[in-house]
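Novice: what follows is a predicted structure for the sequence shown.
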Amino acid sequence: MGMVHAEITLKNAIDAANAKSGIIKEQDIRQTTVRALVDTGAWTLVINEAIREKLGLEAARAELGTLPDGTQVLYKLAGPLEVGWKDRVTNCDAMVLPGAEDVLLGVIPLEAMDLTVDLFAEELIGAHGDQIRHSVK
């Protein structure tokens, strides 16, 4: 079995709320689409400094964390972000790891979007099927 990747859209959640309220235009939302490594060992979304800057995310605080290889690193917690996969969306903060090459899609946003990993097909799927979700207006 190989690694599972998914194309996700990351948006500045404050911009998205401001666009919904008519304060800014939809096209002014800072956002990017990335190929993320689905990582069930990561607790949240992991991005690098370049993505944080591109999205204009505020770094709320710094924390000390331990990487899988045992290395301790000081990382920023930044947000809020809106994370989207297909028709599913959630909001979360992201760990900003210095020098991170890959975006990691961790357990909290996976659970919040009701997603699971199909290891045999090596893809991300809806935990209860890929039914279309409808937004409430």
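Specialist: Good, I have the coordinates. Residues are numbered from 1 along each chain as shown.
Novice: quick one: Leu57 from Ile24, how far?
Specialist: From Leu57 over to Ile24 the distance is 16 Å, taken as C-beta to C-beta, to the nearest Å. All C-beta atoms are positioned from the backbone trio N, CA, C, and that covers glycine.
Novice: which of those two has more residues huddled nearby?
Specialist: Using other C-beta atoms under 10 Å as the criterion, Leu57 and Ile24 rank with Leu57 on top: 24 against 16.
Novice: any idea what the residue nearest to that one when sequence neighbours are not counted is bridged to?
Specialist: Leaving aside its sequence neighbours, Leu57 sits nearest to Ala78 (C-beta to C-beta, 6 or more residues apart in numbering; 4.2 Å). Following DSSP bridges, Ala78 is listed with bridge partners Ala59, Ala94.
Novice: surely Ala78 is in contact with Glu58?
Specialist: Yes. Using C-beta atoms under 8 Å, Ala78 makes contact with Glu58 at a distance of 6.3 Å.
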